[in-house]
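>>> sequence first, predicted model second:
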Amino acid sequence: MYERFLVPVDGSEHSKHALKSAKWLAQNIGINARITLLHIIPSNNINTVAYGVDIEQLQVAEVRRILEESAQVLSGSSIQYDSEYHIGDPAEMICKKAKEGDYDLIVMGSRGLSLFSEIFVGSVSHKVVQHAHCAVMIVK
């Protein structure tokens with residue numbers, strides 16, 4: 001039923017719990033299960049100007065840290081996985097990648113790191129549930 005999992009990760013506790021849930025599901029599904037770790041850099045962060053600071057370099061370092069920490073959760077298991085990152089609106093990018101990759105299930109945390117955007121723009125998880133082409137599992 002579920003073989004291809006898309007797991008958005010942002011370093012938050014909720015996304016870590018979602019990854020552990022996806023790992024458990026994948027281990028119990030069978031040998032064909034595959035997880036893709038996905039990190040989205042919100043496009044509004046790209047326009048932030050900090051004089052004398054290389055924002056792009058800082059963002060790439062943060063992406064690497066988050067994806068490496070997430071990959072460590074899966075290392076040592078028999079689960080096939082890969083990771084990628086993109087720039088854009090998180091909810092839109094998650095839905096787009098899920099459809100393009102023909103994923104069966106998106107497993108994501110109920111809250112991310114950006115409380116500000118959740119309050120004023122609406123939660124990413126809520127938007128993904130509303131617009132994803134596949135099943136979505138929200139983990140607290």
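Arrived safely.

>>> model confidence for D54, exactly?
What the model reports as pLDDT for D54 is 74.

>>> thought S43 was touching A91?
No - if you go by C-beta atoms under 8 Å, S43 and A91 don't touch, sitting 11.9 Å apart. The C-beta positions use only the backbone N, C-alpha and C, and glycine is treated the same way.

>>> the more surrounded of these two?
A91 (22 against 14; other C-beta atoms under 10 Å).

>>> quick one: contacts for the closest residue in space to that one that isn't next to it in sequence?
Sequence neighbours aside, K127 is the residue nearest to A91 in space, at 3.5 Å (criterion: C-beta to C-beta, 6 or more residues apart in numbering). Contact analysis of K127 by C-beta atoms under 8 Å, 6 or more residues apart in numbering lists A91, E92, C95.

>>> what residues of the lengthiest helix in the chain count as buried?
Longest helix of the chain, by residue count under DSSP state H: helix 55-74. Neighbour counts using 16 or more other C-beta atoms under 10 Å place Q59, E62, V63, I66, L67, S70, A71, V73, L74 of helix 55-74 among the buried residues.

>>> turn those residues into JSON lines, including distance to L25.
As requested, these are exported to JSON lines (distance: C-beta to C-beta, whole Å):
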{"residue": "Q59", "distance to L25": "30"}
{"residue": "E62", "distance to L25": "27"}
{"residue": "V63", "distance to L25": "25"}
{"residue": "I66", "distance to L25": "21"}
{"residue": "L67", "distance to L25": "20"}
{"residue": "S70", "distance to L25": "15"}
{"residue": "A71", "distance to L25": "17"}
{"residue": "V73", "distance to L25": "13"}
{"residue": "L74", "distance to L25": "12"}
